[in-house]
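Enquirer: predicted model and sequence follow; I will ask about them next.
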Amino acid sequence: MIKIHNTLTRRVEEFKPLEEGKVKMYVCGPTVYNYIHIGNARPAIFFDTVRRYLEYRGFEVTYVQNFTDVDDKMIERAKTEGVTVKEIADKYIKAYLEDTKKVNLKEEGMIRPKATDHIKEMIKSIKILESKGFAYESNGDVYFDVEKYKDDYGQLSGQNIEDLKAGARVEVTDIKKSSVDFALWKAAKEGELSWGSPWGKGRPGWHIECSAMSEKYLGATFDIHGGGQDLIFPHHENEIAQSKCSYGGDYARYWIHNGYINIKGEKMSKSKGNFFLLREILEKYEGKVVRFFMLSSHYRKPIDFSDVELEMAKSAISRIENTMMNILEKLDTVSTEGGNNGEVMNSKLEEIKSKFIEAMDEDFNTAQAIGGLFELIKETNKFMEEKLSENGKKVLKDIFDFIKESLIDVLGVEVTIEKKVKDMTKELNELMENLGIKKGDGVANDTSEIIEFLLEQRKIAKKEKNFALSDKIRDELANIGIKIKDGREKTTWTI
Ligand SMILES: [Zn+2]
């Protein structure tokens, strides 16, 4: 049974989709006026993981994430860069897709509507709101009349309209009836990007974009709505007001919000200037490291972002990769009759498989799920120290498959162990040929044995004072990504 913390009720609830076996979800996407920062990467990665997990649990998921490609910030940016709003949008949508591809977002089947392709739908919703008395026109702008909906307004963010009015920084002018009213349509200023409408030339407000696009692709009532915590108010509160009043229906039934990213204990924000672009981070760290880092904490908790944390994620991934590579090598060895038959290890594996599902079922606790994987890694390393029977090897193969499935398919952390081992064997064999070194008897075809063999050849070359050859072996190994380190006792290597 999957349970979800629903912001609307502030409780962890059993997840029951509207239609059995199907999940419809909408996640607010980026406003494409700049490269995304890591604060935007967190919901992208987390909700992609939610989607992957729901699919893993057998649901058919319709996943919509929009692009906000018209907005005040976009218009401003276009002015400073001296280009059109569309050019800004195209540039940063392309950049968004490039950046998020590296953190392995599943694009297959994803619906990514752009706001500017749905102006007609937005105008239609505003007209409905107007005809039902929930909206009013003022100087070419159209506002949502919050007073008309005051009984339900503020439920998601846990506020009431009187407090909101008291706290509103915006002065009441004669344009709006109330300080809490928000724009559905904004009249265009001279020379601004605009569309024709019953209220004159203008453009939609931000909130109505999501209401109109979610209705088009998911209907008036759908299962999950996600986004960052900072969107709860006013964005999501306003989406609910607009959608319920125009289309009827319940709008989203489960609201999921992810926490902030902190830098040195302070909330990361563009206005404070303490933010990092995902792009900058990806120059130093691979996408899988960033993804793993994001999923190592519970999604509702704030997450501390620093190089130290990323380095920790990086070494955690190497530990998993090393074990997986060792599994492959062990599977290549001959089984030992009377060796460990894996019975105990198999029950451990089954236990960890259930723990993984339990953790993910309980409000997508990726941190706990990852904890279970490390327990498995530790046990597997011990298990591999022993000689294994045919059945023991079968258990080892099951472990490998489970790590791959849970880590790569569900959590989306793309470790590429199999390929690396195969490629290296091929490259190593080519290297041996180039160096004119012939393998003696008893050298198996796996990566570590060939490397050990080459290191032995290097030692011999050194002894014979053939430094040209010994250096060549070292350099060529480095070329294919194998670093060697000469110790006092022994030469060691790492990939
Ligand atoms: Zn939205």
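Expert: Cool, got the structure.

Enquirer: hmm, V413 is touching M294, no?
Expert: No: V413 is beyond contact range of M294, at 9.9 Å (criterion: C-beta atoms under 8 Å). Placement of C-beta: from N, CA and C, glycine included.

Enquirer: this protein against the ion: which residues are in contact?
Expert: Within the chain, the positions lying close to the ion (C-beta under 5 Å from the ion) are C28, C210.

Enquirer: 8 Å instead, please
Expert: 26, 28-29, 66, 68, 206-207, 209-210, 227, 231, 235-236, 239 (C-beta under 8 Å from the ion).

Enquirer: can I get these in a markdown table including distance to Y153?
Expert: Below are the residues of the chain next to the ion laid out as a markdown table (distance: C-beta to C-beta, whole Å):
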| residue | distance to Y153 |
| --- | --- |
| Y26 | 20 |
| C28 | 19 |
| G29 | 25 |
| N66 | 23 |
| T68 | 23 |
| W206 | 17 |
| H207 | 13 |
| E209 | 19 |
| C210 | 17 |
| G227 | 19 |
| L231 | 16 |
| H235 | 14 |
| H236 | 12 |
| E239 | 12 |
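
Enquirer: if we can go back for a sec, between V413 and M294, which one's more packed in?
Expert: Counted by other C-beta atoms under 10 Å, V413 and M294 do not tie: V413 has more neighbours, with 28 against 25.

Enquirer: got the contact list for G339?
Expert: E386, K387, L388, S389, G392 (C-beta atoms under 8 Å, 6 or more residues apart in numbering).

Enquirer: of the residues you listed, which belong to helices?
Expert: G392 (DSSP state H).

Enquirer: which PyMOL command selects the buried ones in the contacts of G339?
Expert: Those of the contacts of G339 that count as buried under 16 or more other C-beta atoms under 10 Å are selected in PyMOL with:
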select buried, resi 388+389+392
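
Enquirer: tell me which two in the contacts of G339 are the farthest apart.
Expert: E386 and S389 (9.8 Å; C-beta to C-beta).

Enquirer: give me the common contacts of the two.
Expert: Contact criterion C-beta under 8 Å, 6+ apart; residues shared by E386 and S389: G339, N340.

Enquirer: ramachandran coordinates for the nearest residue to N391 once chain neighbours are set aside?
Expert: Nearest residue to N391, sequence neighbours excluded (C-beta to C-beta, 6 or more residues apart in numbering): N341, at 4.5 Å. The phi/psi pair for N341 (degrees, to the nearest 10) reads phi -90, psi 0.

Enquirer: pretty sure N341 sits against K387.
Expert: No: using C-beta under 8 Å, N341 is not in contact with K387, being 10.8 Å away.

Enquirer: the residues of the chain next to the ion in strands, which ones?
Expert: Y26, G227 (DSSP state E).

Enquirer: separate out the buried members of the residues of the chain next to the ion.
Expert: Buried among those (16+ other C-beta under 10 Å): 26, 28-29, 66, 68, 206-207, 209-210, 227, 231, 235-236, 239.

Enquirer: can you flag which of those residues belong to helices?
Expert: W206, H207, E209, C210, E239.

Enquirer: now do the same for the fourth one: its pLDDT.
Expert: I take that to be C210. Note on C210: pLDDT of 98.

Enquirer: where does pLDDT dip in the stretch 351-495 of the chain?
Expert: 418-423, 440-445 (pLDDT under 70).

Enquirer: what ranges does it have for its strands?
Expert: With DSSP state E, counting those that start in this stretch as the criterion, the stretch 351-495 of the chain has strands at 483-486, 491-494.

Enquirer: try the stretch 101-250 of the chain
Expert: 135-138, 141-144, 182-187, 202-204, 221-228.
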